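Okay, here's the prediction I keep looking at, along with the sequence it came from:
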Amino acid sequence: MDYLQTYNDAYHKDYELFKKLAFESLESSKEMTRIFKDAFKLSIFRASQKWHDDSSWEFFDSNSSYELLGKDRRYELDNTKKVLENDLKERFENLEIKRKKMFVDYSDYLQKTAKKVAIENVIELLETSKKVINTLYTIDRLDSFNFSTEFDYENKIDGYTSAYESLFPNEKRASESIDTDILSKNEKYLLLHILFSFFEESKKPTMVEIAKIITLANVDDEILLTDKYKNHDGYRILLYGYKFRAKKEIQREWIKSLLEKIKPYKLAQTSTKLRMELRKLN
């Protein structure tokens, strides 16, 4: 059996379905003049409801196997194919008998895993793009949503910029002030750690985002130039990221703080990565 083909077919089918359900809900809410806050919650509920119709949803919501197919790579080449053939299959084989009986066979388990990954990715896309969707919802241009964090709405959608600035005035003021020294020293190292992780995963952000990260981090620690750099907290954060902090509560607050501070600078891929890590800690 071609596990990769089976997984991809199931994933793309479910991803498109969940995406369609979410946006049909948003469009219906717009017609009913429902306020965006409630419309957005309802769109996620509608998509999630379809996932919860599957009898195995409780198993996957309490089991982290699907995270093997997340953005963190486990193999340098053919990552997804090898995860499906080895790591995920091993997880399936090691399931307790009563849990394994929930699935017809590994192919069924694999397709249900794809469904879980699809709903997680759709929800992540919605949450990452919430301000964009809010703006398009306000100007009645939901049909223009590009399902990409890189699309240039400001220059391609009439009325988008003025609506965005009206909805989120604090971001405009923050970007105009150009205050780049907003992060604590440890937050700067954490931001750099996220940047380095992109290169390790071969998922580089845009050049503009990389430049913004370097500008915001602006690390100025002479100890890094000495032989004592390994004893420095900054070096450990570069290596371990938020896991430098022992308690999950502190890790969560650290990520939340960084997410809030970088909001005005529209670091799309970095924010997505941080939200994904935050969800792992919840």
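Looks like it came in fine.

what's the spacing between A114 and K203?
20 Å (CB to CB, to the nearest Å). From N, CA and C alone the C-beta is placed, and that goes for glycine too.

higher neighbour count, these two?
Set side by side, A114 and K203 show more neighbours around A114, with 22 against 12, by other CB atoms under 10 Å.

Hmm, the more buried one is touching Q5, no?
No: using CB atoms under 8 Å as the test, A114 is too far from Q5 to be in contact (11.3 Å).

Name the next helix or strand following the helix or strand containing I194 along the chain.
Here I194, judged by DSSP states H and E, is contained in helix 185-200. Remark: after helix 185-200, the chain's next helix or strand is helix 207-217, criterion DSSP H and E.

Run the angle between that next one and helix 185-200 for me.
150 degrees (axes from the mean of the first three to the mean of the last three CA atoms, to 10 degrees).

now for helix 207-217, which elements pack on it?
Contacts defined by 3 or more CB pairs under 8 Å, 6 or more residues apart in numbering; DSSP states H and E place helix 207-217 against helix 185-200, helix 268-281.

Could I get the buried residue list for it?
For helix 207-217, burial by neighbour count (16 or more other CB atoms under 10 Å) applies to E209, I210, K212, I213, L216, A217.

what's the helix holding I194 in contact with?
Outside helix 185-200, the residues that touch it by CB atoms under 8 Å, 6 or more residues apart in numbering are 73, 183, 204-205, 210, 213-214, 216-219, 221, 233-234, 237-242, 254, 257-258, 261-262, 269-270, 273-274.

Outline the domain layout of this protein.
Split into domains by automatic domain parsing, the chain comes to 3-128, 129-167, 174-281.

First-to-last residue distance for the first one?
Counting by CA to CA, to the nearest Å, the length from the leading to the trailing residue of domain 3-128 is 30 Å.

Return the distance of the helix ranked longest in the chain from the chain's centre.
Across the chain, the longest stretch assigned as helix under DSSP state H is helix 3-31. Computed by CA atoms, centre = their mean, to the nearest Å, the chain-centroid distance of helix 3-31 equals 17 Å.

Which strands and helices lie in contact with the helix or strand following that helix?
With elements assigned by DSSP H and E, the helix or strand that comes after helix 3-31 is helix 36-52. Here helix 36-52 touches helix 3-31, helix 106-128, helix 130-138, going by 3+ CB pairs under 8 Å, 6+ apart.

in the second one, what's buried?
Going by neighbour count (16+ other CB under 10 Å), the buried part of helix 106-128 is 106, 109-123, 125-126, 128.

hang on, the earlier thing: just the buried ones out of the contacts of helix 185-200, please.
Counted by 16+ other CB under 10 Å, these give 183, 205, 210, 213, 216-217, 234, 237-238, 241-242, 254, 258, 261-262, 269-270, 273-274 as buried.

shaky segments in the stretch 1-150 of the chain?
Within the stretch 1-150 of the chain, the segments meeting pLDDT under 70 span 54-56, 61-66, 70-72, 148-150.

hmm, 80 instead?
Low-confidence segments of the stretch 1-150 of the chain (pLDDT under 80): 51-74, 76, 128, 147-150.

do the same with the stretch 151-282 of the chain
151-152, 170-182, 199-205, 219-234, 243-250, 280-282.

one more time with 90
Low-confidence segments of the stretch 151-282 of the chain, defined by pLDDT under 90: 151-156, 161, 165, 168-282.
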